[in-house]
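Participant: below is the structure, and that's it, no one-letter string:
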């Protein structure tokens, strides 16, 4: 259920912004009307609302958050089911996540990085004392508030000793590049797994690099199980001062949980000793310059590199300017342009104007263009009248008209077009591309409503012990997968491959908005 901006959910929560979306849930920034306070509204998507395991995990997240006695954890305000939709309402923290910080700054100086990890470790340690393991520690889930306090969020995968586990034996949950070795192979985890994940975040804060990132799950798994990260002070000379802190990170990242720190209190003691009484102020982060490993490059080499790049850029621009002046066979370059008036209202009007071109010349050019789509575009140049179109797409899409990017839904936009046929293309990376030709009639407004969910279905698959997933002989991903695969409606050949077992094959039929579930044991 995708909620439009301005909608009122359960008569209390006004939708302000869609923060994230996935096959499992939508997360919104909302205003709780009776109290005039900002909140986070997370709702399960209709496609998974019938999955008892996912619903149970959602309910456990709400119960766990309500039971936590910890200021450093985002609070829960509400939980329930409204018109068949499960939802959680929690505290909205004004500030930025560690991921946003890394995107802005590249990496963080040692004192500030150590202090961020210290404060996060204190929160986690108190949770561990309550029998709670987070299981998804990563930069996205650690927030620095505008009051310069650390907050831990997203307890969707958290485990509590006070609650029965609903995780299927052998299944893997979490973010692979931040998982501990025991977590990535599906073993039972404890607080030492959180210590490992926090160690990965510590490494990334200081270097700007996650050493376990790779192109696919198999490669990530191999790195987590086998790769020993390069000591941070050997990556760049500017990190030499971090030599004394490397033993702490090295122990946190130990492959064997038995040789890791057994308790975060040890990490806290060591970091407090290193920081001593000089605790940095998190507000200093706003004024930090952007840093990268390139700062360690020899200045002369860097200067040479810059001159080289500038020279190549100038040469490329000259070449492009010459290329565009040369007539191209089968292509017509016009002076058509897109004008977007700067309106203050939420509704935009996009005007696509006609070029000033002779009709006889157009008809002559049409005969030289074999491509049907080009014929459609050129035929429109003959028309003198305009109509309009209003496009709505669920959940969202970037709209292209006649090959030009116009806008991204869900904002309310009316597009004025010359009458005639136009090519409409809708692109959302999570769905198949929708492309169609629509005929605009003079002085008429056309409304197009597209639900991308009508064009896809879902494949939720669990494989024991693991497998590479192939769809129609094309590699897709490697299990475990935390959310269903999205596939266009149709017939597919599913193949599961693990070098230690015989391949598994099956023909599946993907239906609109339906989820196919498979739990397969390879033999």
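Facilitator: That came through, no problem. Computed from a prediction, not measured in an experiment: that's the story for all the values here.
Participant: for the rest of this, base every contact and every neighbour count on C-alpha atoms.
Facilitator: Noted.
Participant: which ones are touching residue 224?
Facilitator: Counting by C-alpha atoms under 8 Å, 6 or more residues apart in numbering, residue 224 makes contact with 177, 179, 180, 181, 184, 212.
Participant: can you map out the helices along the stretch 1-150 of the chain?
Facilitator: Remark: helices assigned in the stretch 1-150 of the chain by DSSP state H, counting those that start in this stretch are 52-67, 98-105, 110-129.
Participant: thinking again about what came up before, closest one of the contacts of residue 224 to residue 150?
Facilitator: residue 179 (21.4 Å; C-alpha to C-alpha).
Participant: which residues in the stretch 351-500 of the chain form strands?
Facilitator: Chain-ordered strands for the stretch 351-500 of the chain, with DSSP state E, counting those that start in this stretch as the definition, fall at 386-394, 398-401, 404-408, 413-418, 420-427, 434-440, 445-451, 456-464, 468-471, 474-478, 485-488, 490-497.
Participant: my error: substitute the stretch 1-150 of the chain in the last question.
Facilitator: With DSSP E, counting those that start in this stretch as the definition, the stretch 1-150 of the chain shows strands at residue ranges 8-9, 13-21, 25-32, 37-44, 76-82, 85-91, 95-97, 132-133, 142-145, 150-152.
Participant: sorry, back to before: which one of the helices of the stretch 1-150 of the chain lies closest to residue 485?
Facilitator: The minimum distance between residue 485 and the helices of the stretch 1-150 of the chain falls on helix 52-67, with 15.1 Å, by C-alpha to C-alpha.
Participant: packing partners for that closest one?
Facilitator: Helices and strands in packing contact with helix 52-67 are listed as strand 76-82; criterion 3 or more C-alpha pairs under 8 Å, 6 or more residues apart in numbering; DSSP states H and E.
Participant: buried ones in the strand it packs on, by neighbour count?
Facilitator: 76, 79 (16 or more other C-alpha atoms under 10 Å).
Participant: residues contacting it, please?
Facilitator: Residues outside strand 76-82 that contact it (C-alpha under 8 Å, 6+ apart) are 10, 62, 65, 66, 86, 87, 88, 89, 90, 91.
Participant: okay, now residue 180: neighbour count?
Facilitator: Here the neighbour count serves as a burial measure; for residue 180 (other C-alpha atoms under 10 Å) it reads 32.
Participant: list the residues that contact it.
Facilitator: Residue 180 sits next to 193, 194, 196, 197, 224, 255 when contact means C-alpha under 8 Å, 6+ apart.
Participant: let's see that with 6 Å instead.
Facilitator: Remark: with contacts taken as C-alpha atoms under 6 Å, 6 or more residues apart in numbering, residue 180 is in contact with 193, 196.
Participant: please report the distance of it from residue 143.
Facilitator: Taking C-alpha to C-alpha, to the nearest Å as the criterion, residue 180 is separated from residue 143 by 22 Å.
Participant: same thing with residue 183?
Facilitator: Counting by C-alpha to C-alpha, the separation of residue 183 from residue 143 is 24 Å.
Participant: which parts of the stretch 151-300 of the chain are helices?
Facilitator: With DSSP H, counting those that start in this stretch as the criterion, the stretch 151-300 of the chain has helices at 181-184, 191-207, 217-226, 232-235, 246-252, 264-275, 299-325.
Participant: what's the second one packed up against?
Facilitator: With contacts defined as 3 or more C-alpha pairs under 6 Å, 6 or more residues apart in numbering; DSSP states H and E, the secondary structure elements packing on helix 191-207 are helix 246-252.
Participant: ok, now with 7 Å
Facilitator: In terms of contact count using 3 or more C-alpha pairs under 7 Å, 6 or more residues apart in numbering; DSSP states H and E, helix 191-207 is assigned the packing partners helix 110-129, helix 246-252.
Participant: residue 183 and residue 143: which has the busier surroundings?
Facilitator: residue 143 (27 against 22).
Participant: and the closest residue to the more buried one other than its chain neighbours, how far is that from residue 437?
Facilitator: Counting by C-alpha to C-alpha, 6 or more residues apart in numbering, residue 97 is the residue found nearest to residue 143 once chain neighbours are left out, at 4.1 Å. Between residue 97 and residue 437 the distance is 43 Å, computed by C-alpha to C-alpha.
Participant: and the helices of the stretch 151-300 of the chain, which one averages the lowest pLDDT?
Facilitator: The stretch with the lowest mean pLDDT among the helices of the stretch 151-300 of the chain is helix 299-325, at a mean of 53.
Participant: quick one, what contacts residue 156?
Facilitator: Contacts here follow C-alpha atoms under 7 Å, 6 or more residues apart in numbering; on that basis residue 156 touches 57, 58, 61.
Participant: and residue 387, what does it touch?
Facilitator: By C-alpha under 7 Å, 6+ apart, residue 387 lies in contact with 416, 417, 418, 419, 440, 441, 442, 443, 444, 445.
Participant: put the buried members of the residues you listed into a PyMOL selection.
Facilitator: Only the buried members of those end up in this PyMOL selection, burial being decided by 16+ other C-alpha under 10 Å:
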select buried, resi 416+417+418+419+440+441+442+445
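Participant: pull the most distant pair out of the contacts of residue 387.
Facilitator: Pairwise distances across the contacts of residue 387 (C-alpha to C-alpha) peak at 11.8 Å, for the pair 418 and 445.
Participant: residue 97 and residue 437: which is more packed in?
Facilitator: With other C-alpha under 10 Å as the criterion, residue 97 and residue 437 differ in neighbour count, and residue 97 comes out ahead with 22 against 15.
Participant: surely that one touches residue 148?
Facilitator: No: using C-alpha atoms under 7 Å as the test, residue 97 is too far from residue 148 to be in contact (11.8 Å).
Participant: about what we covered before: in JSON lines: the contacts of residue 387, plus pLDDT and distance to residue 240.
Facilitator: Putting those into JSON lines (pLDDT from 0 to 100; distance: C-alpha to C-alpha, whole Å) gives the following:
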{"residue": "416", "pLDDT": "88", "distance to residue 240": "60"}
{"residue": "417", "pLDDT": "87", "distance to residue 240": "61"}
{"residue": "418", "pLDDT": "88", "distance to residue 240": "64"}
{"residue": "419", "pLDDT": "86", "distance to residue 240": "67"}
{"residue": "440", "pLDDT": "88", "distance to residue 240": "65"}
{"residue": "441", "pLDDT": "87", "distance to residue 240": "69"}
{"residue": "442", "pLDDT": "87", "distance to residue 240": "70"}
{"residue": "443", "pLDDT": "84", "distance to residue 240": "70"}
{"residue": "444", "pLDDT": "86", "distance to residue 240": "68"}
{"residue": "445", "pLDDT": "85", "distance to residue 240": "65"}
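Participant: which one among the contacts of residue 387 gets closest to residue 19?
Facilitator: For residue 19, the closest of the contacts of residue 387 turns out to be residue 416, at 30.0 Å, with distances computed as C-alpha to C-alpha.
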